[in-house]
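Colleague: sequence? don't have it. structure:
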């Protein structure tokens with residue numbers, strides 16, 4: 001302290017020196033505060049995104065069952081749509097499309113609209129392919145490819161819309177469906 005006192009008394013303009021020192025400290029304080037504000041904003045944005053990702057519904061398909069009715073030459077499909085998330089999903093619309101040899105096959109029951117799914121809730125969807133011996137044998141014995149695409153659109157607790165699209169192809173050797181594509185958006 002004495003050396004600073006001695007140093008300052010050697011200058012004739014001691015108040016000017018103190019003014020410069022205080023100005024430099026104030027400038028550094030503004031810079032540090034600005035950097036802290038930027039870091040806090042980034043941290044807040046990351047925390048918000050983590051919260052939104054964890055507190056939203058995730059709707060997707062679960063197990064797939066297929067049953068061939070040899071007597072009627074019909075194919076019965078059953079799968080479940082499930083909310084894997086932690087919050088309810090509302091306005092859930094499910095659209096199922098069936099393709100045989102990459103051609104869209106029209107059938108009844110392809111759409112389920114305006115459903116509500118609570119966390120971990122399952123909704124069974126049963127489908128019956130139109131009776132057609134040619135399709136039946138082709139799918140059963142692996143001569144025709146059966147592809148099922150499910151599009152699910154829904155809302156969480158906010159007004160943000162989410163969607164899931166999944167495509168699976170029937171494998172006649174192992175008698176089940178294999179996922180070709182799927183994602184949550």
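Modeller: Ah, there it is. Computed from a prediction, not measured in an experiment: that's the story for all the values here.
Colleague: per-residue confidence at residue 2?
Modeller: Residue 2 is assigned 58 on the pLDDT scale.
Colleague: which stretches of this structure have low pLDDT?
Modeller: Of all residues in the chain, those with pLDDT under 70 make up the ranges 1-12, 109, 182-185.
Colleague: residue ranges of the strands in it, please?
Modeller: 59-69, 74-83, 89-100, 103-105, 111-117, 122-128, 146-155, 161-171, 176-184 (DSSP state E).
Colleague: could you redo those strands as TSV and give each row mean neighbour count and distance to residue 135?
Modeller: For every residue, glycine as well, the C-beta is placed using N, CA and C. TSV is the format used below for the strands of the chain (neighbours: other C-beta atoms under 10 Å; distance: least, C-beta to C-beta, whole Å):
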stretch	mean neighbour count	distance to residue 135
strand 59-69	16	11
strand 74-83	19	8
strand 89-100	18	6
strand 103-105	12	8
strand 111-117	14	21
strand 122-128	14	12
strand 146-155	20	8
strand 161-171	17	12
strand 176-184	13	16
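Colleague: Which of these sits closest to residue 138?
Modeller: Nearest to residue 138, of all the strands of the chain, is strand 89-100, at 7.4 Å by C-beta to C-beta.
Colleague: Can you list the strands that that closest one pairs with?
Modeller: strand 103-105 (antiparallel), strand 111-117 (antiparallel), strand 146-155 (antiparallel) (DSSP bridges).
Colleague: Can you add distance to residue 97 and give the ones you listed back as CSV?
Modeller: Formatted as CSV, the strands paired with strand 89-100 follow (distance: least, C-beta to C-beta, whole Å):
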stretch, distance to residue 97
strand 103-105, 6
strand 111-117, 10
strand 146-155, 5
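Colleague: Which one of these lies nearest to residue 30?
Modeller: Nearest of those (C-beta to C-beta): strand 146-155, 44.1 Å.
Colleague: Give me the contacts around that closest one.
Modeller: 57, 59-61, 64, 75, 77, 79, 81, 89-100, 102, 117, 139, 161-170, 177, 180 (C-beta atoms under 8 Å, 6 or more residues apart in numbering).
Colleague: cool, stretch 87-97 as well?
Modeller: 55-57, 59, 81, 83, 104, 109-119, 123, 125, 127, 148-157, 162.
Colleague: repeat that for 6 Å
Modeller: 55, 57, 59, 81, 83, 110-118, 149-157 (C-beta atoms under 6 Å, 6 or more residues apart in numbering).
Colleague: Distance from the chain centre to that stretch, please.
Modeller: Chain-centre distance of stretch 87-97: 13 Å, with C-alpha atoms, centre = their mean, to the nearest Å.
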